[in-house]
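Visitor: Sequence first, then the predicted structure:
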Amino acid sequence: MDEKQGIDPNRGWEVLPVFDGNRQLTEALQAMMSSDEAPGHSDVGIQNLLYSEILNNRPRRVLEIGTHIGTASVIMGSALMRNGYGKLLTLEPQAHYQDIAAKNVEAAGVSSCVEILPFFSYQQECQDRLEEEAPFDLIFIDGAHDYESARHDIELCYDLLRTNGLMILHDVGKRSPLMDPGGNGGVRRALHDFSEARPEARVIFREYPIWLNECGAALVTKQVLNPLP
């Protein structure tokens, strides 16, 4: 063990899913991972976090930016189904991925609580719909990875977030700048700059060795403390 870094070689990288007792969900995810479109899906650490947050807090409304093939969508949808309460709205502007995600959501048996919105987050029609559904108790951002898009999504979602709600971001680790085609620092810098401009936001970066995935994650809350009188 490297005491300076706190890295234990016996710890490994494997993170076990907390939802592996859900047969329908597990089978749906296995089928999704065999797809040629699977690269870019959310990692198990993020999936566990989303699933547990929904079971623990029974949110009324959940928002996802970046459906892709629906990996995180079916995870969150399954947790909502277990709760018997709540709804997920997930944004996917590309028709190709809309079709794939819709089939995966149906196969996972969660279509009754998951709605795929065919929009970019900057479209006014999209923002109007989200305003109607707000506030959101939980928001997951895993959309475009360039700085400008990520900064826009963070700002938009923070304003839609319920007080003391939670916003979870993917791909904010040290590799994040490599994912930005414009070379402007990607999601990591976007979140850093956002937190500098909005000091009332509480931001926690999660990365190795605490977070067992090189993509990293971050937690953001619109925290308001209510001290006892």
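Guide: Now that the structure is in, tell me what you want to look at.

Visitor: Any figure for the gap between residue 59 and residue 85?
Guide: As defined by Cβ to Cβ, to the nearest Å, residue 59 lies at a distance of 8 Å from residue 85. (C-beta placed from N, C-alpha, C; glycine too.)

Visitor: Compare the two (neighbour count), which wins?
Guide: Set side by side, residue 59 and residue 85 give different neighbour counts by other Cβ atoms under 10 Å, the larger being at residue 59 (25 against 12).

Visitor: all strands of the chain, in order?
Guide: Taking DSSP state E as the criterion, the chain carries its strands at 61-65, 87-91, 114-117, 136-141, 161-170, 202-206, 217-221.

Visitor: Can you tell me which helices and strands the longest one packs against?
Guide: Contact here means 3 or more Cβ pairs under 8 Å, 6 or more residues apart in numbering; DSSP states H and E; on that basis strand 161-170 packs against helix 44-57, strand 136-141, helix 147-160, helix 186-197, strand 217-221.

Visitor: Can you lay out the ones you listed as CSV showing mean neighbour count and mean pLDDT?
Guide: As requested, these are exported to CSV (neighbours: other Cβ atoms under 10 Å; pLDDT from 0 to 100):
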stretch, mean neighbour count, mean pLDDT
helix 44-57, 19, 96
strand 136-141, 25, 98
helix 147-160, 20, 98
helix 186-197, 20, 96
strand 217-221, 21, 97
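
Visitor: any chance of the ones you listed in CSV, plus distance to residue 67?
Guide: CSV is the format used below for those (distance: least, Cβ to Cβ, whole Å):
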stretch, distance to residue 67
helix 44-57, 13
strand 136-141, 10
helix 147-160, 13
helix 186-197, 17
strand 217-221, 18
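
Visitor: out of those, which comes closest to residue 127?
Guide: Closest approach to residue 127 among the helices and strands packed on strand 161-170 (Cβ to Cβ): helix 147-160, 7.1 Å.

Visitor: the inter-axis angle of that closest one versus strand 217-221?
Guide: Between the direction of helix 147-160 and that of strand 217-221, the angle (axes from the mean of the first three to the mean of the last three Cα atoms, to 10 degrees) works out to 40 degrees.

Visitor: same for helix 147-160, what does it pack against?
Guide: The helices and strands touching helix 147-160, judged by 3+ Cβ pairs under 8 Å, 6+ apart, are strand 61-65, helix 124-133, strand 136-141, strand 161-170, helix 186-197.
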